[in-house]
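K.L.:
Quick one: sequence and predicted model below, then my questions.
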There are 2 protein chains.
Amino acid sequence: MKAIILFAHGSRDPQWHLPMVAVKERILKAQPNAWVTCAYLELSQPDLATSVAEFVALGADEIRVVPMFLGVGKHVRNDLPSMMSELTARYPDVRFECVPAVGEHPQLLDLLAHIACE
Amino acid sequence: MKAIILFAHGSRDPQWHLPMVAVKERILKAQPNAWVTCAYLELSQPDLATSVAEFVALGADEIRVVPMFLGVGKHVRNDLPSMMSELTARYPDVRFECVPAVGEHPQLLDLLAHIACE
């Protein structure tokens, strides 16, 4: 079974998370049986390792991590690859896929330009 | 003349800014004469007040601020409205429009869900 982790920065502010949760809910609306959750780098729970452990315990053998970052800085370029290396080593039977940050997705950049002008 | 300010968090990491700059370039590609720039809350320059002052000096009478935030926390809900109030008071002849943060845009949430699953 494949799992999706929406990996975002995190914040002490509960309202900060609403867009991440909204994306998760959209996925669940389209695919009610999908394994999808939000995980956070800091300030919020769960963290990535906890979410991965939970999905592995459920039987996930494929985990896709989607970095929900608009700006692509050290969190995405350094912290996340380092976490992914640790997870890959810890769970050799799980196939991990970490896609580019959403801020690097051409279609998202197009939409942002459209939103800015509409 | 109308100006657009893509208002993002900011970072010490130069690469962090690339997606914001990419959005600006997309707008300029579609509308080469558009007045559009990126401005930042902290850690990066220019700040919002500087960008507004520059556009007003050029003759902008309408300024649209687009909060480039995925998470909608205190930066968007408190800091930005407070900055907008100051700007509105300082430039009574300019029509300011601050749109919802991009993370609150339904079409963007749809696209993020699509990206997460593709």
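P.N.:
Nice, thanks for sending it over.
K.L.:
Need the residues that contact the helix or strand of chain A with the lowest mean pLDDT.
P.N.:
Least confident helix or strand, chain A: helix A:74 with a mean of 93, by mean pLDDT, DSSP states H and E. Residues outside helix A:74 that contact it (CB atoms under 8 Å, 6 or more residues apart in numbering or on different chains) are B:13, B:16. The C-beta positions use only the backbone N, C-alpha and C, and glycine is treated the same way.
K.L.:
For A:Ser82, pull up the helix or strand it's in.
P.N.:
helix A:80-90 (DSSP states H and E).
K.L.:
That helix - contacts with which helices or strands?
P.N.:
Under the contact definition 3 or more CB pairs under 8 Å, 6 or more residues apart in numbering or on different chains; DSSP states H and E, helix A:80-90 sits against helix A:48-58, strand A:62-67, strand A:95-98.
K.L.:
Of those, which is nearest B:Pro100?
P.N.:
Across the helices and strands packed on helix A:80-90, B:Pro100 has its closest neighbour in strand A:62-67 (22.5 Å, CB to CB).
K.L.:
thinking again about what came up before, return the helix holding A:Ser82 as PDB; C-alpha atoms alone will do.
P.N.:
The C-alpha trace of helix A:80-90 is given here as PDB (Å, rounded to 0.1, in the frame of the first residue of the first chain):
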ATOM      1  CA  LEU A  80      14.700  17.000   4.100                       C
ATOM      2  CA  PRO A  81      17.300  15.000   2.000                       C
ATOM      3  CA  SER A  82      19.100  14.200   5.300                       C
ATOM      4  CA  MET A  83      15.800  13.000   6.800                       C
ATOM      5  CA  MET A  84      15.100  11.000   3.700                       C
ATOM      6  CA  SER A  85      18.500   9.300   3.900                       C
ATOM      7  CA  GLU A  86      17.900   8.200   7.500                       C
ATOM      8  CA  LEU A  87      14.400   6.900   6.700                       C
ATOM      9  CA  THR A  88      15.600   5.000   3.700                       C
ATOM     10  CA  ALA A  89      18.300   3.300   5.800                       C
ATOM     11  CA  ARG A  90      15.900   2.600   8.600                       C
END
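K.L.:
Can you give the contact residues for that helix?
P.N.:
Helix A:80-90 is contacted by residues A:7, A:41, A:48-49, A:52, A:63, A:65, A:67, A:94, A:96, A:98 when judged by CB under 8 Å, 6+ apart.
K.L.:
and if we set it to 6 Å?
P.N.:
Helix A:80-90 is contacted by residues A:48, A:52, A:96, A:98 when judged by CB atoms under 6 Å, 6 or more residues apart in numbering or on different chains.
K.L.:
number of nearby residues for the closest residue to the second one other than its chain neighbours?
P.N.:
The reference is to A:Val52. Nearest non-adjacent residue to A:Val52, counting by CB to CB, 6 or more residues apart in numbering or on different chains: A:Leu87, 5.5 Å away. Per other CB atoms under 10 Å in any protein chain shown, the neighbour tally for A:Leu87 reads 19.
K.L.:
coming back round to it: columns distance to A:Trp16 on top of the helices and strands packed on helix A:80-90, output as JSON lines?
P.N.:
Output for the helices and strands packed on helix A:80-90, formatted as JSON lines (distance: least, CB to CB, whole Å):
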{"stretch": "helix A:48-58", "distance to A:Trp16": "17"}
{"stretch": "strand A:62-67", "distance to A:Trp16": "16"}
{"stretch": "strand A:95-98", "distance to A:Trp16": "22"}
